[in-house]
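J.: turn this into a structure:
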Amino acid sequence: MFSFGITQKCEKCGNDVPLSQYTLKTRLCNNCIGKIKNEKKKFQKILSLDNLVIEIIPIYDGHSTSSIENGIRTIEYNYNHPKYELIHELGHFLLSEKVQYMNFVSQPPSNSNEEIFYYSNSIIDGFVDFNCLKIDYNHSYYIRYIKALLPGMINIPKQATLSDIIQGFLKFFISINYLIKIDEKKKLQEELINALENLKRFSINQSIIMYSNKKRLNQKNFRHIEAELSNFENVKETLDYQTVIKFIYDVLRLIPFISENLLGNQISLIYPL
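T.: Predicted coordinates for the structure are as follows:
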C-alpha cells in the first residue's frame, strides 16, 4: 500500500519520485523516462520511422505492446525487459507501413478469439523481426533478447499454458531458421535445438491432457506445421498484407484443436481484407 506524502524511489536510478508520478504503470523518475524516450527516438530513426509520431509509455510489468487507436500510435514498453522489445514494437509500425495495413499493429476486436489472435501475432512477429534485422545494428540487441528467452523455453515455468508454448514455438521456429545469423546459431546451437524440442514436447503432453485423440498435437502435426512455417522463406519480403494473412491461416489450420470454420471466421474478423 502507498502512503500519501511518502516519497517513492525510481526503479532505475533510485532517485526520489513523488507519489503523484509513481503510477501503476510507470515507476521511474522524469530523468529515466526521458532516457527511454531518447532511446525510442534513436531506434525509430534507425528504422527510418522518424516521420511518424509514436508515443511511448514505460511500464514496469507485463508484455510490451504497440497499438494504433484513433490515429494515435503508442508503445507500452516494459523497461525491465531487453531493449530489443522496444525495437520489436517499433517494428510493428515498420511492417504496417511497409504493407500498408494497420491491423498488424492494432489491437483485435473485443469479440475476437484471444487464443487465435495471439497465435497469429506470434507469426506476424516473424515478419516484424525480419524487417528489423535487415539493419545489422539491431542484431546484437536481438541475440541478447534470444539469450534472455532461452532459459524459460528450456525450463518451462509451471504456470505456462499450452497457448503460451505454441505461441513460443511458432515464433521461435522462424527465429532459429530465418533470423539468427549463422555464426550466432553455431554458438547457441545446442541450446536452440533443446529449447525448440522442449516446446514441442510440452505442447504434445499438454494437448494429451486437454483434448481427445483427434484434437491432440503429435510429432506428425509438428512436421506439417514446420513444413508450412518453412514457406516463410518465400514470403518474408512480401509487400502484400494478404500474403501475410494467408501464411498465418495456412499455418494455424494445421493445429488440430482449432476448427477450420472458427479459424476462417476469426482471421476474417481480426484481419479484414
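J.: right, and the helix or strand after the helix or strand hosting E197?
T.: According to DSSP states H and E, E197 maps onto helix 182-210. Note on helix 182-210: by DSSP H and E, the next helix or strand toward the C-terminus is helix 219-229.
J.: what's the angle from that next one to helix 182-210?
T.: Using axes from the mean of the first three to the mean of the last three C-alpha atoms, to 10 degrees, the inter-axis angle of helix 219-229 relative to helix 182-210 is 140 degrees.
J.: which residues are contacting helix 219-229?
T.: 170, 173-174, 177, 200, 203-204, 250-251, 254-256 (C-beta atoms under 8 Å, 6 or more residues apart in numbering). Heads up, the C-betas are built off the backbone N, CA and C, glycines and all.
J.: hmm, which two among these are most spread apart?
T.: N177 and P256 (22.7 Å; C-beta to C-beta).
J.: before we move on, the earlier item: top of the contacts of helix 219-229 by neighbour count?
T.: L170 (26 neighbours; other C-beta atoms under 10 Å).
J.: tell me how far it lies from N38.
T.: 33 Å (C-beta to C-beta, to the nearest Å).
J.: repeat that for S230.
T.: Per C-beta to C-beta, S230 is found 40 Å from N38.
J.: of those two, who's got more company?
T.: Each of S230 and N38 has its neighbours counted (other C-beta under 10 Å); S230 has more, 13 against 10.
J.: got the contact list for the residue lying closest to that one once chain neighbours are set aside?
T.: Nearest residue to S230 in three dimensions, chain neighbours excluded: N177, at 7.2 Å (C-beta to C-beta, 6 or more residues apart in numbering). Listed by C-beta under 8 Å, 6+ apart, the contact partners of N177 are 229-230, 232.
J.: can you get me a residue count around the closest residue to K83 other than its chain neighbours?
T.: Ranked by C-beta to C-beta, 6+ apart and with sequence neighbours excluded, the top spatial neighbour of K83 is Y141, at 5.4 Å. Per other C-beta under 10 Å, the neighbour tally for Y141 reads 19.
J.: was I right about Y141 contacting P82?
T.: Yes: in terms of C-beta atoms under 8 Å, Y141 counts as a neighbour of P82; the distance is 7.0 Å.
J.: where do the strands of this structure begin and end?
T.: Per DSSP state E, the chain carries strands over the ranges 8-9, 16-17, 54-59, 65-69, 72-78.
J.: and of these, who's closest to N113?
T.: strand 65-69 (18.2 Å).
J.: isn't I57 right up against I75?
T.: Yes: counting by C-beta under 8 Å, I75 is a contact partner of I57 at 7.1 Å.
J.: and those two? Which one has more around it.
T.: Using other C-beta under 10 Å, the more surrounded residue of I57 and I75 is I75, with 24 against 15.
J.: the more buried one and T65, how far apart?
T.: 7 Å.
J.: burial of T243, as a residue count?
T.: Applying other C-beta under 10 Å, I find that T243 has 15 neighbouring residues.
J.: need the contact list for it.
T.: The contact partners of T243, taken as C-beta under 8 Å, 6+ apart, are V235.
J.: oh, and call the first residue 128 from now on, that's how I've got it
T.: Right, with 128 as the first residue, what we last looked at is T370.
J.: roughly how far does it sit from D377?
T.: For T370, the distance to D377 - C-beta to C-beta - is 10 Å.
J.: CA atoms only for stretch 317-331 - export them in CSV, please.
T.: Presented in CSV, the C-alpha positions along stretch 317-331 are these (Å, rounded to 0.1, in the frame of the first residue of the first chain):
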residue,chain,number,x,y,z
GLU,A,317,22.6,-27.0,-28.6
GLU,A,318,20.5,-24.6,-26.5
LEU,A,319,18.4,-23.5,-29.5
ILE,A,320,17.6,-27.1,-30.5
ASN,A,321,16.9,-28.2,-26.9
ALA,A,322,14.5,-25.2,-26.5
LEU,A,323,12.6,-25.9,-29.7
GLU,A,324,12.3,-29.6,-28.9
ASN,A,325,11.2,-28.8,-25.4
LEU,A,326,8.4,-26.5,-26.6
LYS,A,327,7.2,-29.3,-28.9
ARG,A,328,7.3,-31.9,-26.1
PHE,A,329,5.4,-29.7,-23.7
SER,A,330,2.8,-28.9,-26.3
ILE,A,331,2.2,-32.5,-27.1
